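A.B. asks: any chance you can model this:
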Amino acid sequence: MVSNLNDKLLWWMSLNSTEKKNKTYISRLVLETEALIIEESKQWSASSGSDNKKKDEEKGNDKIDDKMKDKNE
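C.D. replies: Numbers count the residues shown, from 1 in each chain. Here you go, the predicted structure:
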């Protein structure tokens, strides 16, 4: 994502002052940057969800191990 944002910044900096005042260019910058951030947010959410699922599974396995120890004692 950082490289994509840097690309957007470089693109914006390459525009002259007249182009930077153009609503089309401004809209393009905003919409494309928002799209990048939304995509990154989705990836973080998906990653976080899988991490939480993995932690829940590990907790479940720990409980099973504890029960097995109790039975064997």
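
A.B. asks: helices of the protein, residue ranges please.
C.D. replies: In the chain, the helices defined using DSSP state H lie at 2-14, 17-20, 23-72.

A.B. asks: now do the nearest residue to Lys8 once chain neighbours are set aside against Leu10, distance only.
C.D. replies: In this structure, Lys8 finds its nearest non-sequential neighbour in Thr33, 5.5 Å apart by C-beta to C-beta, 6 or more residues apart in numbering. Using the backbone N, CA and C atoms, a C-beta is placed for each residue, glycine as well. Remark: distance between Thr33 and Leu10 (C-beta to C-beta, to the nearest Å) = 13 Å.

A.B. asks: these two - which one has more neighbours?
C.D. replies: Thr33 (15 against 9; other C-beta atoms under 10 Å).

A.B. asks: which parts of stretch 25-38 are buried?
C.D. replies: In terms of neighbour count (16 or more other C-beta atoms under 10 Å), stretch 25-38 has its buried residues at Leu29, Leu36.

A.B. asks: restricting to C-alpha, output that stretch in CSV.
C.D. replies: Listed next in CSV are the C-alpha coordinates belonging to stretch 25-38 (Å, rounded to 0.1, in the frame of the first residue of the first chain):
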residue,chain,number,x,y,z
TYR,A,25,-7.7,15.6,-11.2
ILE,A,26,-8.7,16.3,-7.6
SER,A,27,-11.6,13.8,-7.8
ARG,A,28,-9.2,11.2,-9.3
LEU,A,29,-6.7,11.7,-6.5
VAL,A,30,-9.4,11.4,-3.8
LEU,A,31,-11.3,8.5,-5.2
GLU,A,32,-8.2,6.4,-6.1
THR,A,33,-6.6,7.1,-2.7
GLU,A,34,-9.8,6.2,-0.9
ALA,A,35,-9.9,3.0,-2.9
LEU,A,36,-6.4,2.1,-1.8
ILE,A,37,-7.1,2.7,1.8
ILE,A,38,-10.4,0.8,1.7
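
A.B. asks: any idea how far the residue nearest to Lys8 is from Ser27?
C.D. replies: 11 Å.

A.B. asks: then Trp12?
C.D. replies: 12 Å.
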